[in-house]
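Engineer: give me the fold of what follows.
(4 chains)
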Number of protein chains: 4
Amino acid sequence: MLPWSADLAGRIEEHVISSELLRGNPLGDPHDRPVLVYLPPGYDEEPDRGYPSVYVIQGYTGHVAMWRNRPEFRQPFPERADKMFASPGGPPPAVVVYADAWTAYGGSQFVDSPGTGRYHSYLCNEVVPWVDARFRTLPDAAHRAIMGKSSGGFGAMITPMLRPDLFGALATHAGDALYEYCYITEFPAAVRHLRKYDGDIWRWWSDFRGREPFTREEDIHLIMLLGVSACFSARDDGTVDLPFDPATGELRPAVWQRWLDWDPVRMVPDHADALRGLRGIWIDAGVRDEYYLDVGAQAFRSALSEAGVADELIHFELFEAGHMGIDYRYPMSLAWLCGRIAPGTELVAGSGIAKYGLRHRGAVSGSGTFPAYQ
Amino acid sequence: MLPWSADLAGRIEEHVISSELLRGNPLGDPHDRPVLVYLPPGYDEEPDRGYPSVYVIQGYTGHVAMWRNRPEFRQPFPERADKMFASPGGPPPAVVVYADAWTAYGGSQFVDSPGTGRYHSYLCNEVVPWVDARFRTLPDAAHRAIMGKSSGGFGAMITPMLRPDLFGALATHAGDALYEYCYITEFPAAVRHLRKYDGDIWRWWSDFRGREPFTREEDIHLIMLLGVSACFSARDDGTVDLPFDPATGELRPAVWQRWLDWDPVRMVPDHADALRGLRGIWIDAGVRDEYYLDVGAQAFRSALSEAGVADELIHFELFEAGHMGIDYRYPMSLAWLCGRIAPGTELVAGSGIAKYGLRHRGAVSGSGTFPAYQ
Amino acid sequence: MLPWSADLAGRIEEHVISSELLRGNPLGDPHDRPVLVYLPPGYDEEPDRGYPSVYVIQGYTGHVAMWRNRPEFRQPFPERADKMFASPGGPPPAVVVYADAWTAYGGSQFVDSPGTGRYHSYLCNEVVPWVDARFRTLPDAAHRAIMGKSSGGFGAMITPMLRPDLFGALATHAGDALYEYCYITEFPAAVRHLRKYDGDIWRWWSDFRGREPFTREEDIHLIMLLGVSACFSARDDGTVDLPFDPATGELRPAVWQRWLDWDPVRMVPDHADALRGLRGIWIDAGVRDEYYLDVGAQAFRSALSEAGVADELIHFELFEAGHMGIDYRYPMSLAWLCGRIAPGTELVAGSGIAKYGLRHRGAVSGSGTFPAYQ
Amino acid sequence: MLPWSADLAGRIEEHVISSELLRGNPLGDPHDRPVLVYLPPGYDEEPDRGYPSVYVIQGYTGHVAMWRNRPEFRQPFPERADKMFASPGGPPPAVVVYADAWTAYGGSQFVDSPGTGRYHSYLCNEVVPWVDARFRTLPDAAHRAIMGKSSGGFGAMITPMLRPDLFGALATHAGDALYEYCYITEFPAAVRHLRKYDGDIWRWWSDFRGREPFTREEDIHLIMLLGVSACFSARDDGTVDLPFDPATGELRPAVWQRWLDWDPVRMVPDHADALRGLRGIWIDAGVRDEYYLDVGAQAFRSALSEAGVADELIHFELFEAGHMGIDYRYPMSLAWLCGRIAPGTELVAGSGIAKYGLRHRGAVSGSGTFPAYQ
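Structural biologist: Numbers count the residues shown, from 1 in each chain, chains lettered A, B, ... in the order given. Below you'll find the predicted structure:
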């Protein structure tokens, strides 16, 4: 009963994957990882039917158990997605997989790194085959998508670039991009925060671990700095290099270049083939995003065009919002992705794709444009 | 396994109370209400033991299902409380009852109102007897406490004033108080927001109900204005009077006085006897509280002294924080309350109370002063 | 040569008035006070012509020498006013008098107070006769107006209420009004600031006087609190009472009532006759005013109507701006006032008043609606 | 009489220099430029004495007439400087020259550019010789210093690097440095603002010129972007290149490199000889500077050490403040510079320099450490 709970038309299974790839990871994080698998209405009634699958990943500090969190005046996304699938005229059904890549630093950016662990490989080489082996998915890229917000949007952008054999569509909500804006703007504040710790982020880390977290202004800033550095600029032995000199604030060009090598905007040219082969790319962000990820979205959108990705593959939308509280957007992109990766869908004009097709491309739209079945 | 979940040493039972008092409430909200009852470690092993009980209520927009929400880098309060009870040297065990008074407006301030429903009576006359009938509580005020934050802190202040026969101790974290600051400062902003709706809050309400909530800046402000007006200044027929004229912003003195009649600071003199008879009053707030509830806490503290409440009954503390993210404080007050209402505790110097006694009275302390067993 | 300087078509005379009323004022402020008198183009060429006069007063911390300050990318108001008078189609010429009521606390609210001095009387009984004796003004209320911003807007509202025999028109830009919003919202922040000074504003004052002013966050807040208290709630012996108890934040009703007695919105009913007899009342404010003086403007506007002031006497306008940087509005109100108090102007429909008449009454207009001769 | 005015012990002469170098400048700005020359007490009484000179330049949007602006509760810097020179134990006297490089864009960064004009050359090749020809200065670099704030601090850093033959000491207050922080953090906001103007800054410029300036949020941001681009990245024909693509936000590396070539931190290595030869370098900034110029100050300080500039030549100080309201710092650096460039001063230990020597080097100090003669 709302607001406390809702019955699902489909169902969610909770599983734990014991990851070989994460065993012995540098941070000592658990290698037994929870995964939620949502099976849409009808899954049990149609035992011969195969389903497309959508992988949903989260932003920094997120983990799968948080999908059960009940926001104020809203339902959790899995419930909204279920309601959408159960509605007449809803999108084609899909298996929805909620996996995370949480670490002691709050995240892993869904990459392999000697600083955190092999989370990209865990997702691609362990979770995906595990799901395909246990559920009636359509086990090919054309019917598999990935979506996420913030760091999860970043993961959703880069994973299909790196593994087009696995993922055929993506949706990024306020995904990390154009690092000169989303990251550099954080650095000088971090320089100031580190003054209190003699410029030594490990002194902060030690302090942070020994007290109540997030009770100091610097906590959220420094955990992200440390965590992202561990993901993007750890050395082979696991040593973490910050992208700037804490004593002066000056960028360290070689380290910073390692970050830039992970900027989705800058990665596009080298992965143009992969991107051109996708069946759908959803990009959105709020025009007041505190990390300027609306500008990053614009740049990513533009880089796709320059790489020859066809306009009809792309949904692009900026909307009135900041970085937070935009979970109500996820059902929109999920519905759109399902339309794109449903079996029998042909990427030709006039096909069933149109139904979930490109609204407001390139436009700033209001927040009220979500599907009626939401 | 953390961060995803934690095993409890005690256990939580989920129940639904079918309230007679809420049946047919004016907003059409459910009268079947969920309640969580936490039973501490040892409860089942000691079938003859009676336990004190602590009622935990929430702030505006909160409901009991949110106690399962997992915050970033933190455990939910019920898990932290359990860990505390299970720790060597932890506080005396208690039954902890999580009840809510949620409405379509996001809350009810835990009062009876023709604008929302009889939530005060529901809590006192239905939940408390229901708990006492089903669990081995010590069913008297000396062994029953109530605590909460924000609007829940308000509820924790006023409920024992109104029902000292039921509640013998309280803890308020950033509880609503000194309404000229926590509320008046909100009104002129509301006047501005209402310009968009021709000064008619029902036009906003209609709009709010028909779209995604909390996507507009005004939403959180206007829902609180409407909701609190419905609680404090509804007429007998349920008509809601705003405390100011939306066309001019001017206070409506008679309506505003109805709000002031519910200001805990102003209620103290009329309930001095009740307050002097309590076994413990915990008051805290963050010094950067966006609603100035630290100032409200000061004023409430001062009003208690003027009403003759003994210093040794009071724990007062201001700490470095804003209004949000202070859930880590709840285990501190819970432990303190348990010490206060444990059976056999005498309110004399040198008693067992001292153990959970008055730290930092009147002082602004740092955020790191939480109990070691946390 | 702009931006450094501008030649005037008229001229500005600098004088010093030796005030008897301010001699021996409680703060030891100078009783010799500078006054600037602007004489419009043609003043010297038409030695028999009499001119209406407009008195211009300033906001808190302002003094007449600041009228020479050159803002970024803008000209000082006296130069803009001069340019306007010199333009073809400009408003009827007027003598413009710049007087101040500066004190060691940064202002005096243009009232008589045992806490600061007799600044209201100084303005009305010394400056006005002094000007009329030395310049060819039309020395009656029908041809004399007063205007100002912020505290100066307050002064412009109350002075004609108190002395309708002297002032026949007024303009208030973001003038202090509806004290529950413009002042109460400041009090809880002041309570916090005063914690550093043991709740003793005189400790802050002593500190403030001994160091560089405005280098601490609290300075601007506490100087206004102290100064306005000295204006509104000083005892006969000059002792300053704050409107709240710094130890608890609680309002002191009797002291606060003394403030409310000076709220222009609340003063209107007692001065309805005076207000109905004015020839023009200009009211404006920015919709983002940090002190909510747009709401105060609405309330003052509404109170005028309730007091029977005719609509055609009023120009009311809210515009897109905050509290600062709105000096570009002054030429608009000055032109309008000049039209209202020009000799030969009859307050009948179709008269010459229409030219400077009521634009956008009651509407929120853009910032671009200033007169072409600006 | 304060606060309205102050008598000077020395005197200020106002002159206009008719610049040949600025004649026909691209923006059509005046080539007749005002200059203020302050002559210290005693200048007229000692007709044979030569004086060191200090050139004072301003931040963006500043021009020399603004030195007469009277700030709230403070005296204008020229008056404070005069008071300091007149005080017993004050610094060695100097001629203080106030020159500006104002343009229609609000400034010129004191560089030569085809986008704005030859302001660097104007200052060095016209103002300096003009001053030396008319006043009894000691006309060599050892006795000539330059100081400024913000863009003026930038000018004060680079001018002695480029012309060590002219300037022998400098003081920079919150001077532009470490462009990845002070500038890049502004770009994404500019991208957003430009959306309203179809990404065309000239559309904004046209709008800005046709209405009241600084009435829109974007004005201050876009004028700086346009102005600094005109200074740093104009082509030979005057065409202004923005350092990023307004359509996508992406940095334009070649244009951005032109900006970086003007970053004082990055300029140090190429001008190490010039810097090592200076007699004094004062660097300060507020720790809350909105443009992170405290971090820029750190980086500049560090670059000086790496370039071999001796510690005893440098005064470095971070203090509690933001970017604005720090004019009270100028007398401190002026006094220090005067000590450094006074005739007869030898740069050896124990010399007269010590008196105005290095306080708090490298330390964050409070705001109360200004000289007693201030």
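
Engineer: figure out the helix or strand that residue A:36 lives in.
Structural biologist: strand A:32-39 (DSSP states H and E).

Engineer: pLDDT wise, what is the residue positioned nearest the centre of chain A at?
Structural biologist: Centroid-nearest residue in chain A, with Cα atoms, centre = their mean: residue A:152, separated by 1.8 Å. Residue A:152 is assigned 98 on the pLDDT scale.

Engineer: can the helix or strand hosting it be said to contact chain B?
Structural biologist: For residue A:152, the host element (DSSP H and E) is helix A:151-162. No: on the criterion Cβ under 8 Å from any Cβ of the partner chain, helix A:151-162 is out of touch with chain B, staying 12.8 Å away. Backbone N, C-alpha and C define where each C-beta goes, glycine included.

Engineer: ok, that helix near chain D or not?
Structural biologist: No: against chain D, helix A:151-162 shows no contacts by Cβ under 8 Å from any Cβ, the least distance being 15.6 Å.

Engineer: which other helices and strands does that helix contact?
Structural biologist: Applying 3 or more Cβ pairs under 8 Å, 6 or more residues apart in numbering or on different chains; DSSP states H and E, one finds that helix A:151-162 makes contact with strand A:53-57, strand A:144-149, strand A:169-173, helix A:264-267, helix A:272-276.

Engineer: what ranges does chain A have for its helices?
Structural biologist: A:77-86, A:119-121, A:128-134, A:151-162, A:179-182, A:187-195, A:201-209, A:218-232, A:253-260, A:264-267, A:272-276, A:293-306, A:330-341 (DSSP state H).

Engineer: angle of the longest one against helix A:201-209?
Structural biologist: Note on geometry: by axes from the mean of the first three to the mean of the last three Cα atoms, to 10 degrees, helix A:218-232 and helix A:201-209 are set 120 degrees apart in direction.

Engineer: keeping just the C-alphas, turn helix A:218-232 into CSV.
Structural biologist: What follows is helix A:218-232, C-alpha atoms only, in CSV (Å, rounded to 0.1, in the frame of the first residue of the first chain):
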residue,chain,number,x,y,z
GLU,A,218,34.9,18.2,2.7
ASP,A,219,33.8,14.6,2.9
ILE,A,220,31.8,14.3,-0.2
HIS,A,221,34.3,16.2,-2.2
LEU,A,222,37.4,14.3,-1.0
ILE,A,223,35.8,10.9,-1.2
MET,A,224,35.0,11.5,-4.9
LEU,A,225,38.5,12.9,-5.5
LEU,A,226,40.1,9.9,-3.9
GLY,A,227,37.8,7.4,-5.4
VAL,A,228,38.0,8.7,-9.0
SER,A,229,41.7,9.0,-8.7
ALA,A,230,41.9,5.4,-7.6
CYS,A,231,39.8,4.4,-10.7
PHE,A,232,41.6,6.6,-13.3
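
Engineer: state the mean pLDDT of that helix.
Structural biologist: pLDDT averaged over helix A:218-232 gives 97.

Engineer: what of the third one?
Structural biologist: Averaging the model's pLDDT scores along helix A:128-134 yields 98.
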